[in-house]
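*Asks:* I'd like to go over a predicted model; first the sequence, then the structure.
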Amino acid sequence: MRARQGGDRAGGEADGPFACKGCRCDGADDAATAKKRQRELDTVQRMIGIYCQGHHATERGELCAHCRELSDYVVQRIERCPLTESKTFCSSCPVHCYRPEMRERIREVMRYAGPRMLLVNPGKAFAHALDTMRTRHRSEKKSV
Ligand SMILES: [Zn+2]
C-alpha cells in the first residue's frame, strides 16, 4: 500500500476552501489548522452578526454595510494569517496585522458579543475567546 505523499502539492489539498493565497506555506494547511481557521472565521463572523443585530437592528444573518466591511476585512486577515497554527486568537496575536482602526472595531465587537455568545452557545471555543480577552484586558489595564 502507498502512503499519501506528504511533500507533493498535488493541487487542492483535501481540506476545504482555504487554499493559501500567496503565503509561503504552499497551501499546506494541515487538517487541524484548517479547522482552527474555520472555527475562528465562524466565531468572529457570528460575533459581528450579534453586534450588528444589537447595534444596527439588522436581521439575523445579515450585516449592515459598516459591519460587512469589518467582516470582510477580518476574514481576509484570518485567511492570510501565517500564525493560525500557533496562536490562540487574532485578538491576542503578537503580529497585530489589523489596522488600528479595525482592531478597535473588532475589539468593540468582541466586548459586546463575547458574553452574549457564551449565553447562546456555551462552547469551549467561546470560553476560550473570552479567556483570551480577559488576559488581554488584564495586561491593558492602565488607568482608563
Ligand atoms: Zn452593523
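*Replies:* Yes, it's here. Residues are numbered from 1 along each chain as shown.
*Asks:* can you get me a residue count around residue 75?
*Replies:* Residue 75 has 15 neighbours, counted by other CB atoms under 10 Å. All C-beta atoms are positioned from the backbone trio N, CA, C, and that covers glycine.
*Asks:* wait, doesn't it sit right on residue 41?
*Replies:* Yes: using CB atoms under 8 Å, residue 75 is in contact with residue 41, at 6.2 Å.
*Asks:* for the helix or strand where residue 114 lies, C-alpha coordinates in CSV please.
*Replies:* Using DSSP states H and E, residue 114 sits in helix 100-120. What follows is helix 100-120 as a C-alpha-only set of coordinates in CSV (Å, rounded to 0.1, in the frame of the first residue of the first chain):
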residue,chain,number,x,y,z
PRO,A,100,-5.5,50.2,14.3
GLU,A,101,-9.0,51.4,13.3
MET,A,102,-10.1,47.9,12.5
ARG,A,103,-8.6,46.5,15.7
GLU,A,104,-10.6,49.0,17.7
ARG,A,105,-13.7,47.9,15.9
ILE,A,106,-13.2,44.2,16.3
ARG,A,107,-12.5,44.7,20.0
GLU,A,108,-15.7,46.6,20.4
VAL,A,109,-17.5,43.7,18.7
MET,A,110,-15.9,41.2,21.0
ARG,A,111,-16.6,43.1,24.1
TYR,A,112,-20.2,43.2,23.1
ALA,A,113,-20.7,39.8,21.5
GLY,A,114,-18.4,37.7,23.6
PRO,A,115,-20.5,37.4,26.7
ARG,A,116,-23.7,37.1,24.7
MET,A,117,-22.2,34.3,22.7
LEU,A,118,-21.5,32.4,25.8
LEU,A,119,-25.1,32.7,26.8
VAL,A,120,-26.3,31.5,23.4
